[in-house]
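Participant: quick one, fold the following:
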Amino acid sequence: MAAHRTPLLALATAVAALAVTAAAPVRAAAPLPAVTPRAETPALHDDTAGGDADADDPAIWRDAADPDRSLVIATAKQGGLRVYDLDAREVQSLPAPAAPGPDDAPGRFNNVDLVHSARLSDLAVTSDRGSDRLRVYRIDRDRAGGPLTDVTDPKAPRIFSASQDEVNEQRTAYGLATWTDPRSGRSFAIVSRRERTRLAVLELTARADGTVGYTKVRTLDLPAGFRLPNGTSWTPCNEPGELPQIEGMVVDPATGTLYAGQEDIGIWRLRADLTGKPQLVDKVKEFGVPGTYDETTEECVAGADPGYGGTRLTADVEGLTLVTEKDGDGLLLASSQGDDTFAAYDREIDDDNEYEGGFRITPASATLDGSEECDGAAALNEPLGRRYPNGLLVVQDGHDAPGDPDRPSTNFKFVDLGKVTSAIDD
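Facilitator: Now for the predicted structure:
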């Protein structure tokens, strides 16, 4: 979602300018601690010459028999899926599906998450924005030809669109989180809709022919507008016709709690079955700031900040991931894309997901840079062999450096999770 940042960047810049002119001096916050990556994947490029292979969202699969052979599975949008080993070397590349017709949208993978299920085995599930469907891949580390095999039900239905014409408008499957209910053993995917506030929960089911399909259970629309304390109504500024969409999502498997990042709003907490009342855990700094869309510049022009926003997240809110601990403790991590930082919240609902701190991912060397404008993130708080005995955090880097200014460059950074938790604790 780095391309979506332009209007909000103008909005954030204008808000910052207003803050500078305030009468009372503002005390600068202490700088956030920095952690450095240990490795990075090869660069992915998003251009017409090299194809649309823009890095977006990762997931971490642990090989229980040999953790050193664990994998990172990541989306490359129209470039399909990439699979990496723990040295960040590519071990498999799978293309996105071709367009069904000459005038139709091709496959475009947005987010990926994993399923660990006795019923379904280990699966990688992706949201295919190009076709408005899920695609499902079975994981077999020792399979000849690569660990992923496409097992998508060929009759899998569209999720939000009624026709191919609607699919081509690209208000389609976008964000994704998976969850297996420990009581029933049933597995689900929660999917968001691009440029809309709708969420859908789908049950994943095994078919007789060995493929995996899904059935829609219910949908829920998160708010698009809000009543502010001063009595006014507010909707975040976007291009005409666009509503504040959701992308980054994660489910806490212990409680069945879904955390959903509405990019221009903040982080919601709700039941993963989409029942009950959603609660806003934290808001972006720009929450409540009026904006007018300028057709000429294709940017939002900000009005005065009424002061109703949060203090930790700068729009867009992007990748959400959990650092889980067996005693129920742990952290919810969120990518604050607008200021290239990450925010950490207590996993405990009883503590109302209290803010615990933040951090940046900064360059380790002249050739191994940090993470900017991060889209997706995935954490696994389990030993991953000799490379990552304290667990692993993988984040997308929206501006891989050094790079060619004529070829936008993205990739994924691998970070020792122990460094992250230590930085937050300090």
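
Participant: show me where this structure has helices.
Facilitator: 5-20, 164-168, 417-425 (DSSP state H).

Participant: among those helices, which one carries the weakest average confidence?
Facilitator: If you rank the helices of the chain by mean pLDDT, helix 5-20 sits at the bottom with a mean of 37.

Participant: which ones are touching residue 331?
Facilitator: By Cβ atoms under 8 Å, 6 or more residues apart in numbering, the contact list for residue 331 reads 322-323, 344-347, 356, 421, 424. For every residue, glycine as well, the C-beta is placed using N, CA and C.

Participant: isn't residue 413 up against residue 35?
Facilitator: No: Residue 413 lies out of contact with residue 35 (Cβ atoms under 8 Å); the separation is 10.0 Å.

Participant: between the two, which contacts overlap?
Facilitator: residue 361.

Participant: what mean pLDDT does stretch 365-381 get?
Facilitator: 97.

Participant: report the buried residues of it.
Facilitator: If you call a residue buried by 16 or more other Cβ atoms under 10 Å, then stretch 365-381 has these buried ones: 369-381.

Participant: and of these, the nearest to residue 307?
Facilitator: Residue 307 has its nearest neighbour among those in residue 373, at 26.0 Å by Cβ to Cβ.

Participant: leaving out chain neighbours, which residue sits closest to the closest one?
Facilitator: Ranked by Cβ to Cβ, 6 or more residues apart in numbering and with sequence neighbours excluded, the top spatial neighbour of residue 373 is residue 398, at 3.3 Å.

Participant: same check on residue 83?
Facilitator: residue 92 (4.0 Å).

Participant: please apply the same query to residue 204.
Facilitator: Leaving aside its chain neighbours, residue 204 sits nearest to residue 187 (4.5 Å; criterion: Cβ to Cβ, 6+ apart).

Participant: what pairs with the one you found across the strands?
Facilitator: residue 180, residue 204 (DSSP bridges).

Participant: for residue 114, see how far away it is.
Facilitator: Distance of residue 187 to residue 114, computed by Cβ to Cβ, to the nearest Å: 10 Å.

Participant: neighbour count winner among these two?
Facilitator: Using other Cβ atoms under 10 Å, the more surrounded residue of residue 187 and residue 114 is residue 187, with 24 against 20.

Participant: now that one: how far from residue 119?
Facilitator: For residue 187 relative to residue 119 (Cβ to Cβ), the value is 7 Å.

Participant: for residue 270, same thing?
Facilitator: 25 Å.

Participant: compare these two (neighbour count), which wins?
Facilitator: Each of residue 270 and residue 119 has its neighbours counted (other Cβ under 10 Å); residue 270 has more, 19 against 14.

Participant: now do the contacts for the more buried one.
Facilitator: 220, 257-258, 260, 276-279.

Participant: any weak-confidence spans in this structure?
Facilitator: Low-confidence segments of the chain (pLDDT under 70): 1-29, 47-52, 403-404.

Participant: 80 - rerun?
Facilitator: 1-30, 46-52, 403-407 (pLDDT under 80).

Participant: what count of nearby residues applies to the residue nearest to residue 83?
Facilitator: Per other Cβ under 10 Å, the neighbour tally for residue 92 reads 17.

Participant: that one reaches residue 149, doesn't it?
Facilitator: No: judged on Cβ under 8 Å, residue 92 makes no contact with residue 149 at a distance of 10.2 Å.

Participant: separation between the nearest residue to residue 227 once chain neighbours are set aside and residue 239?
Facilitator: Spatially, and ignoring its direct neighbours in sequence, residue 227 is nearest to residue 233 (5.9 Å; Cβ to Cβ, 6+ apart). Relative to residue 239, residue 233 is positioned 19 Å away (Cβ to Cβ).

Participant: neighbour count: these two, which is higher?
Facilitator: residue 239 (13 against 8).

Participant: from the contacts of residue 331, which ones fall inside strands?
Facilitator: If you go by DSSP state E, the contacts of residue 331 have 322-323, 344-346, 356 in strands.

Participant: take the residues you listed and lay them out in JSON lines including distance to residue 385 and neighbour count.
Facilitator: Shown next, in JSON lines, are these (distance: Cβ to Cβ, whole Å; neighbours: other Cβ atoms under 10 Å):
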{"residue": "322", "distance to residue 385": "21", "neighbour count": "21"}
{"residue": "323", "distance to residue 385": "18", "neighbour count": "20"}
{"residue": "344", "distance to residue 385": "25", "neighbour count": "22"}
{"residue": "345", "distance to residue 385": "29", "neighbour count": "25"}
{"residue": "346", "distance to residue 385": "29", "neighbour count": "16"}
{"residue": "356", "distance to residue 385": "28", "neighbour count": "17"}
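
Participant: from the residues you listed, pick the one nearest residue 394.
Facilitator: Closest approach to residue 394 among the ones in strands among the contacts of residue 331 (Cβ to Cβ): residue 323, at 12.6 Å.

Participant: who's that closest one bridged to?
Facilitator: Residues in a beta bridge with residue 323, per DSSP bridges, are residue 331.

Participant: that one and residue 194: what is the separation?
Facilitator: Applying Cβ to Cβ to residue 323 and residue 194 gives a distance of 28 Å.

Participant: quick one: contacts for residue 379?
Facilitator: By Cβ under 8 Å, 6+ apart, the contact set of residue 379 is 60, 321-323, 333, 391-394, 417, 420.

Participant: that one and residue 144, how far apart?
Facilitator: Distance from residue 379 to residue 144, by Cβ to Cβ: 31 Å.

Participant: equivalent analysis for residue 362, please.
Facilitator: To residue 144, residue 362 is 40 Å away according to Cβ to Cβ.

Participant: more neighbours: which of these two?
Facilitator: Taking neighbours as other Cβ under 10 Å, residue 362 and residue 144 compare with residue 362 leading, 16 against 5.

Participant: please list all residues in contact with that one.
Facilitator: For residue 362, the contact set (Cβ under 8 Å, 6+ apart) comprises 34-36, 370.

Participant: report the beta-bridge partners for the closest residue to residue 294 other than its chain neighbours.
Facilitator: With sequence-adjacent residues excluded and distances taken as Cβ to Cβ, 6+ apart, residue 294 is closest to residue 301, at 5.5 Å. Per DSSP bridges, the residues bridged to residue 301 are residue 292.
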